[in-house]
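Enquirer: Everything below, folded, please.
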Amino acid sequence: MSTLRGHKLGFEKELQIAAQAGFRSVEVWVDTVQDYLKQGKTLTDARKVITDLGLTVENAIGFAPWIVDDAGVRSKALEQMKREMDMLAGIGCKRTAAPPMGATTSPKLDLMKVAERYRIILELGTQTGVIPHLELWGFSSNLSKLSEVMYVALESGHPSARLLLDVYHLYKGGSSLASLPLVGKPAMEIFHVNDYPANLTAEKITDADRIFAGDGVAPIQKILKAIHTPEQPLILSLEVFNKSYYAQDPLTVAKNGLAKMKAVTGGV
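Expert: Numbers count the residues shown, from 1 in each chain. Prediction:
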């Protein structure tokens, strides 16, 4: 839904466009679901829309600052995550992103403390049935590298620990693709796919510069082959925030995005 977010369609219309384009699974934004509920709709209404369209909600994007050093902020973030997880469970979603929100420009955090904090939200996930996946953000001063999210996931000591990686963020953060096979199963269940142009270095590229898979120079097939595990299918989610796409017809954007995803994953 990041790919359609700039069209400002709202929860129901976004789902309709995705289904019409041929998607069978989606990744929703927490605030989009919340806005839908504020209109007087219920979780039952939301789940019916999803089911009637033949869709499955595989993941959600939320931004609770669970990672920060400030205990007061972190306490409120845990309350926020619990509310969001309960809501997501109500629409059949079993995963939510856990990025380093609130720590993107702060000094380096103690990764052992981050691991302890991640374990706490994993316990919330166990209670609610919605597991937080530790998201790598390449532009962040914390959790910008594969080694950092791997360390936190391992040191959390929790069997539900999972990583959420992204083609663009791996490039932006300077993670070595040679290390990707070390992630292994079952550490990843969902992976963000996008591409980037040749004329932008990792230092200069931004979230908004992401483009459709296959339209740039990212070694997408190499990445997918490195993380592919035949006995455990991986959910691939198209995630771009490109203003040029937001200016186009949303159905055209969704159809093009799906077609390019299918093309780039062929043979993997």
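
Enquirer: Pick out the residue nearest the middle of the chain.
Expert: The centroid of the chain falls nearest to residue 97 when counting by CA atoms, centre = their mean (5.4 Å).

Enquirer: Which elements pack onto the helix or strand encompassing that residue?
Expert: According to DSSP states H and E, residue 97 maps onto strand 95-98. If contacts are counted by 3 or more CB pairs under 8 Å, 6 or more residues apart in numbering; DSSP states H and E, strand 95-98 sits against strand 56-61, helix 71-90, helix 111-128, strand 131-135. No exception for glycine: its C-beta is placed from N, CA and C like everyone else's.

Enquirer: Highest average neighbour count across these: which stretch is it?
Expert: Highest mean neighbour count of these: strand 131-135, a mean of 25 (counted as mean count of other CB atoms under 10 Å).

Enquirer: From residue 202, how far off is the residue in the chain sticking out farthest from the centre?
Expert: What lies farthest from the middle of the chain is residue 40; by CA atoms, centre = their mean that is 27.3 Å. To residue 202, residue 40 is 45 Å away according to CB to CB, to the nearest Å.

Enquirer: And residue 86, by the same measure?
Expert: Residue 86 sits 38 Å away from residue 202, going by CB to CB.

Enquirer: before we move on, the earlier item: report the mean per-residue pLDDT for the strand holding residue 97.
Expert: Mean pLDDT, strand 95-98: 98.

Enquirer: So what are the sheet partners of it and their directions?
Expert: If you go by DSSP bridges, strand 95-98 pairs up with strand 131-135 (parallel).

Enquirer: can you give me the strands in the chain?
Expert: Ranges of strands in the chain, per DSSP state E, are 25-29, 56-61, 95-98, 131-135, 163-166, 188-193, 235-238.

Enquirer: quick check: angle from the fourth one to helix 111-128?
Expert: Using axes from the mean of the first three to the mean of the last three CA atoms, to 10 degrees, the direction of strand 131-135 lies 150 degrees away from that of helix 111-128.

Enquirer: List the buried residues in stretch 100-114.
Expert: Neighbour counts using 16 or more other CB atoms under 10 Å place 100, 101, 102, 103, 104, 109, 111, 114 of stretch 100-114 among the buried residues.
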